[in-house]
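In: Please find the sequence and the predicted model below.
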Amino acid sequence: MRGAGRGAGKAVAAGAAAVTVAFGTLTAAAAERPPGPNPAPNPAPRPAGLAWSPCPKKDRIEGDALKNLECANVRVPLDHARPGGEQITLALTRARHTARTFQGVVLLNRGGPGAHGRDLPASFTAALPKETAAQYDWIGFDARGVGASEPALLCDRSYLNPGRPRADTVPSSAAEARAWQRRATAYADDCARRYPRFLPHLGTADWARDLDAIRAALRQDRINYFGYSYGTYLGAVYATMFPGRVRRMVLDSVVRPSGVWYDANLDQNVAFEKRIRMFFGWVARHHDVYRLGRTANAVAASYAKARARVKAEPIDGLVGASELDDTFLTDGYADSVWPRHAAALSAYLVRADPKPLRKAWKPPVWLDQNNYAVYSAVQCRDAAWPRDWSRWTADSARLYRAGYRFETWSNTWYNAPCAAWRVPGGPPPAVRERRGMPPILLVQATEDAATPYSGAVETHRLFPSSRLVVQVGGGNHGVALSGDKCVDGAVARYFASGALPPGRRGPDTACPAPAGPKPARASGRREAVRSPAADAGAPVREPVAVMGARTS
């Protein structure tokens, strides 16, 4: 599922200016209830059963993002049903607690599935109030198959990056659609050839058991957890499988459990159309800066003009129509890129300068390719996918004709390897509240395109004791710890004391979305604070969608 789901973007992990949090409206009356026989909420710290050592100042994957963290590895069974069988390695990082009060460990997941995560402890400790962050050990990890964990998946690289502009993802004929189907099948075949033993053990249920293995290695009776995007589904599955081992849990930008994963991608196609129209409308309101049109329709026409031009004559022989769509897909995830992308489009159409547009597109690097391989492996394994290509093309053609054009076909081909995946999918793991589970906190923007709002509503219903904090009118993917005092305050209070909003009908807390970005001509600076959600990728890079898909 692209963006909560979705595959391989490069990201910002906003090394995050600390967020100022307003404490005020939530009450401690709804503080967490201890789950049955588990220990008290503030257990004394225990020595970890892992060999922690300072992370390298220059990591081969993360660069310098780990320089102030500790690193360790944990071995887990490839097949949890055979604990004494073949083992694989998960790579972990830690930012240790510094306060005398220790509230346990917080496992962090950026999403994907397939997004890396070892850099996250630094982002979270910088973004939360210092006195709260100091009371936890913050644990980042690369999930099985990801990044520094071993083995790390990598399949046919030519699918994302053939070394030239890819074929237009919008097929103009049945023959072009069949060509995409052949490429997707070749990708699935290559993964099956490379990892025949690994692929059957890459579903979300396997990842949830890995989380519990990490908990055991850390010698904790219960864990705290924070998951963005796909990480919300992982957290919900973990809580369902191990309800008594959850202490506090925050799920931000929430996957709809009943949609995994084919239907969720159809939902995305609709939601991204609405979101890109919001971007076009924003550009139109700043016509005096960008000169791309005074209405959303006029800006859409400008984009279509640029798309046709780069399809006919790719920029530097590299950036064609599909690459242009990849670049602007990130505008559906985060409005922080709106000013720079609008400026690049304006430079190309108004000043005939292709350099900013060329600079905005980044070809997929090793980590992106790895993220995508794991994304495919997990989602194809999690649930049954249509095996008949006619179903895929019929659904895509129907949505495209209905006006949902921006993402529909690129999303189709991004997920198409699942139609030919050699490992059967499903059934999806169950998601529901079980006895002994404490109340969890859900966070959602109403206009999020990657994980539409319906996912948070459904999860709130499946976990009746949960509380839902909604950013009304917000469209960014990954809301918490990005500078919204209302949302960030709720999260900080929950981690500080377990305090939750009072329960009420619908959302338990409604936070107005912050104002959108201000227009700016092309520059290298970021225009807004970004959340640690920072989909996949190195912490200093802007998010870049690859073939219409990014992780959440």
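Out: Arrived safely. This one's a predicted model, so the numbers in the text were calculated from it and none came from an experiment. Residues are numbered from 1 along each chain as shown.

In: Make sure Arg247 is actually in contact with Arg215.
Out: No. With contact defined as Cβ atoms under 8 Å, Arg247 does not reach Arg215; the gap is 10.4 Å. C-beta: built from backbone N, CA, C; applies to glycine.

In: joint contacts of those two?
Out: Residues touching both Arg247 and Arg215 (Cβ atoms under 8 Å, 6 or more residues apart in numbering): 222-223.

In: isn't there a helix covering Gly163?
Out: No. Per DSSP: H, G, I helix; E, B strand; the rest coil, Gly163 lies outside any helix segment and is coil.

In: just the strands in the chain please.
Out: Taking DSSP state E to define them, one finds strands in the chain at 53-54, 70-77, 87-95, 105-109, 137-142, 223-228, 246-252, 441-445, 467-472, 509-512.

In: any chance of the ones you listed in a markdown table, plus mean pLDDT and mean neighbour count?
Out: Shown next, in a markdown table, are the strands of the chain (pLDDT from 0 to 100; neighbours: other Cβ atoms under 10 Å):
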| stretch | mean pLDDT | mean neighbour count |
| --- | --- | --- |
| strand 53-54 | 98 | 10 |
| strand 70-77 | 98 | 18 |
| strand 87-95 | 98 | 22 |
| strand 105-109 | 98 | 26 |
| strand 137-142 | 98 | 26 |
| strand 223-228 | 98 | 27 |
| strand 246-252 | 98 | 27 |
| strand 441-445 | 98 | 28 |
| strand 467-472 | 98 | 24 |
| strand 509-512 | 98 | 18 |
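
In: Mind putting those strands into JSON lines with distance to His286?
Out: Below are the strands of the chain laid out as JSON lines (distance: least, Cβ to Cβ, whole Å):
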{"stretch": "strand 53-54", "distance to His286": "47"}
{"stretch": "strand 70-77", "distance to His286": "45"}
{"stretch": "strand 87-95", "distance to His286": "40"}
{"stretch": "strand 105-109", "distance to His286": "36"}
{"stretch": "strand 137-142", "distance to His286": "38"}
{"stretch": "strand 223-228", "distance to His286": "29"}
{"stretch": "strand 246-252", "distance to His286": "29"}
{"stretch": "strand 441-445", "distance to His286": "22"}
{"stretch": "strand 467-472", "distance to His286": "23"}
{"stretch": "strand 509-512", "distance to His286": "22"}
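
In: Can you tell me how far the closest residue to Asp168 other than its chain neighbours is from Val337?
Out: What sits nearest to Asp168 in space, not counting adjacent residues and going by Cβ to Cβ, 6 or more residues apart in numbering, is Ala321, at 4.9 Å. Applying Cβ to Cβ, to the nearest Å, the value for Ala321 to Val337 is 19 Å.

In: can you check Ser253 too?
Out: Counting by Cβ to Cβ, the gap from Ser253 to Val337 is 17 Å.

In: swap in Ser410?
Out: According to Cβ to Cβ, Ser410 and Val337 sit 17 Å apart.

In: what's the spacing between stretch 253-271 and its chain's center?
Out: Distance, stretch centre to chain centre, for stretch 253-271: 13 Å (Cα atoms, centre = their mean, to the nearest Å).

In: buried sites along that stretch?
Out: Neighbour-count burial for stretch 253-271, with 16 or more other Cβ atoms under 10 Å as criterion, is recorded at 253-257, 259-262, 264-271.

In: and what of stretch 173-192?
Out: Within stretch 173-192, the residues that count as buried by 16+ other Cβ under 10 Å are 177, 180-181, 183-191.

In: Could I get the average pLDDT for that stretch?
Out: Stretch 173-192 shows a mean pLDDT of 98.

In: How about residues contacting that stretch?
Out: Taking Cβ under 8 Å, 6+ apart as the rule, stretch 173-192 contacts 153, 155-156, 159, 167-169, 171, 199, 373, 376-377, 380, 389, 393, 413, 416-423.

In: same thing but at 7 Å, please
Out: Applying Cβ atoms under 7 Å, 6 or more residues apart in numbering, the contact partners of stretch 173-192 are 155-156, 159, 167, 171, 199, 373, 376-377, 389, 393, 413, 416-417, 419-422.

In: I'd like to know which of those are buried.
Out: Neighbour-count burial (16+ other Cβ under 10 Å) applied to these gives 155-156, 159, 167, 171, 199, 373, 376-377, 389, 393, 413, 416-417, 419-421.

In: distance of Lys485 from Ala496?
Out: Distance of Lys485 to Ala496, given as Cβ to Cβ: 15 Å.

In: Check the buried residues of stretch 173-192 and tell me the two furthest apart.
Out: Longest distance between any two of those is 21.7 Å, between Ala177 and Cys191; criterion Cβ to Cβ.
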